[in-house]
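**Q** turn this into a structure:
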Amino acid sequence: MIIILSKKTLKLYEKYCKKYPDTKREHFDSLTGTAWYGLGLSDEEVAEVLLKCLNEDKIFQVWDLKYKDDPDNPPLDWWEGKLVFKKYKN
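**A** Here you go, the predicted structure:
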């Protein structure tokens, strides 16, 4: 499933990137998901993550993203991982 992000969410991501320029794009890409890859968050959930970071001076990371490996019985969401918030240190 491919999640299309709204202009509002993309603008929040631009603000996030300006405020935290050293963050990695791969974490952002892992929030939603493309072709079953990622945490599968909706547009609204991604916006909530970005707002939390901007308001609380935190960054987010997606850790331990891995395939749920059961080849005989593949899950609907395919991937699992942890969304982590960290205090920003520049």
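
**Q** and the helix or strand containing Leu50, what's buried?
**A** Element membership of Leu50, judged by DSSP states H and E, is helix 43-56. Buried residues in helix 43-56, counted by 16 or more other C-beta atoms under 10 Å: 45-47, 49-50, 53. Just so you know, the C-beta spots here come from the backbone N, C-alpha and C atoms, and that holds for glycine as well.

**Q** could the residues you listed go into TSV alongside pLDDT and distance to Gly38?
**A** Below are the buried residues of helix 43-56 laid out as TSV (pLDDT from 0 to 100; distance: C-beta to C-beta, whole Å):
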residue	pLDDT	distance to Gly38
Glu45	92	12
Val46	93	10
Ala47	96	16
Val49	94	13
Leu50	96	15
Cys53	95	18
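
**Q** let me know the closest of those residues to Ile4.
**A** Distance to Ile4 across the buried residues of helix 43-56 (C-beta to C-beta) is lowest for Val46, with 11.1 Å.

**Q** ok, that closest one touching Thr32?
**A** Yes: here Val46 reaches Thr32: they are 6.1 Å apart, a contact under C-beta atoms under 8 Å.

**Q** got a list of what the residue most central in space within the chain touches?
**A** Against the mean C-alpha coordinate of the chain, by C-alpha atoms, centre = their mean, the closest residue is Leu31 at 2.2 Å. By C-beta atoms under 8 Å, 6 or more residues apart in numbering, the residues touching Leu31 are 38-39, 41, 45-46, 49, 60, 62, 83.
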